[in-house]
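# Build me a structure from this.
(one chain, ligands or ions: 2)
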Amino acid sequence: MTKTLAASELILNPDGSLYHCNLLPENLGDTVFLVGDPDRVPTVSAFFDTVDFKTQKREIVTHTGTKNGKKVTVISTGMGTDNIDIVLTELDAVVNIDLQKKQLKDTHKQLTFIRLGTSGSLQKHIPVDSFLASTHGLGMDGLLHFYKNSEAFTYNPFVEKFIEETEWSSKLSRPYLVEGDEDLIQKAKNLGFYTGITATACGFYGPQGRVLRLDVQDSLLNEKLSRFEYNGLKITNFEMETSAIFGLSKLLGHKAISINCIIANRFSGEYSKDYKKSVQIMIEKVLNSFI
Ligand SMILES: O=P(O)(O)O[C@H]1O[C@H](CO)[C@@H](O)[C@H]1O
Ligand SMILES: O=c1cc[nH]c(=O)[nH]1
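Ligands and ions are numbered 1, 2, ... in the order given. The predicted structure follows:
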């Protein structure tokens, strides 16, 4: 018998839309741009040909419209993998659950997620105001461990070597490594973007080795991350969402890429003089070549 989801599990608003995103199936395009900052949503939708739908709840702002005849959406996730859990799960539910019957659909629709974010460089040669596409997300956040079948990402030679070489503390959650979509990464390479492994942290300060008033447990963490290498793969940058976007996309059957504008270099101590301008250039390049 087909399972019907309880009202407490699949929470819907009075109009039948998803609890946090406020979205109904007709409000969503097949390609979804994910940005952290709600203020970045209009910057992205300014490059759409039309904007036909807008909604907002908390920090989750959505614009849907068309670009080159295709229906596209941009949505803000806020900061961190906990918000990615909410947004990606609800976006998947919008297309793959019958919201009226509250039942899983038999056939699944595949969405394409394109994160357009900001990030800090962990490599001297990757400067501020450059653009980087993640080949993999290295999750230091622990989100994926709550889901069944995530073992594929947590038990592999990269993770084993990483734990050993960085002397990863047993008090922290086990790192996991998930790859992005190969075809989308190739498109970013064609645009001349840097590529590399993106470390996803569960915070901006201590978890990324920033010391203001509080000392960190491992003051050498960033040094270890930048030095680490596995089969020619290097860790290039820090941000707070990519691992969860890649992990949930793999588990749910969607395609994903994460592209970030480098706004800080953690070794030179540099910070972009006008990061919003650089982010806008990145958005324009991606919108014009990915749709
Ligand atoms: O600019 P966004 O997309 O929010 O991305 C980065 O910026 C935030 C931290 O300042 C984190 O969300 C991090 O991942
Ligand atoms: O250093 C940085 C810059 C942007 N976002 C991050 O998470 N870290």
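
# what residue is smack in the middle of this structure?
The centroid of the chain falls nearest to Thr242 when counting by C-alpha atoms, centre = their mean (3.5 Å).

# Settle this for me: that one is touching Ser258, isn't it.
Yes. In this structure, Thr242 is within contact of Ser258 by C-beta atoms under 8 Å, at 4.1 Å. Any C-beta I mention is one placed from the backbone N, CA and C, and that applies to glycine too.

# residues shared between the contacts of the two?
By C-beta atoms under 8 Å, 6 or more residues apart in numbering, Thr242 and Ser258 have these common neighbours: Arg115, Gly117, Ser134, Gly137, Gly180, Thr198.

# State the helix or strand in which the one residue in the stretch 101-250 of the chain that gets nearest to ligand 2 lies.
Nearest residue of the stretch 101-250 of the chain to ligand 2, counting by C-beta to the nearest ligand atom: Gly120, 2.3 Å away. Following DSSP states H and E, one finds Gly120 within strand 112-121.

# Could you list the paired strands of the helix or strand just after that strand along with their orientation?
Following strand 112-121 in sequence order, the next helix or strand is strand 131-139 (DSSP H and E). Sheet pairing of strand 131-139 (DSSP bridges) gives strand 176-179 (antiparallel), strand 194-200 (parallel), strand 255-265 (antiparallel).

# CA-only coordinates of the longest one in PDB, if you can.
I take that to be strand 255-265. In PDB, the C-alpha atoms belonging to strand 255-265 read as follows (Å, rounded to 0.1, in the frame of the first residue of the first chain):
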ATOM      1  CA  LYS A 255      22.600  17.100 -10.600                       C
ATOM      2  CA  ALA A 256      24.600  19.800  -8.800                       C
ATOM      3  CA  ILE A 257      27.500  22.100  -9.200                       C
ATOM      4  CA  SER A 258      28.900  24.700  -6.800                       C
ATOM      5  CA  ILE A 259      30.600  27.800  -8.100                       C
ATOM      6  CA  ASN A 260      32.100  30.300  -5.700                       C
ATOM      7  CA  CYS A 261      33.600  33.800  -6.000                       C
ATOM      8  CA  ILE A 262      36.800  33.900  -3.900                       C
ATOM      9  CA  ILE A 263      36.400  36.900  -1.600                       C
ATOM     10  CA  ALA A 264      39.200  36.200   0.900                       C
ATOM     11  CA  ASN A 265      42.600  34.600   0.700                       C
END
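
# and the angle for the next helix or strand after that strand with strand 131-139?
For strand 255-265, the succeeding helix or strand toward the C-terminus, using DSSP H and E, is helix 275-290. Per axes from the mean of the first three to the mean of the last three C-alpha atoms, to 10 degrees, the angle that helix 275-290 makes with strand 131-139 is 90 degrees.

# ok so, going back, each with direction, which strands does the strand holding Gly120 pair with?
Using DSSP bridges, the strands paired with strand 112-121 are strand 31-35 (parallel), strand 233-239 (antiparallel), strand 255-265 (parallel).

# pLDDT on the helix or strand following the first one, on average?
Toward the C-terminus, strand 31-35 is succeeded by helix 40-45 as the next helix or strand (DSSP H and E). Looking at helix 40-45 alone, the average pLDDT works out to 98.

# And the contacts of the helix or strand just after helix 40-45?
Next along the chain after helix 40-45, taking DSSP H and E as the criterion, comes strand 50-57. Applying C-beta under 8 Å, 6+ apart, the contact partners of strand 50-57 are 20-23, 27, 38, 45, 61-66.
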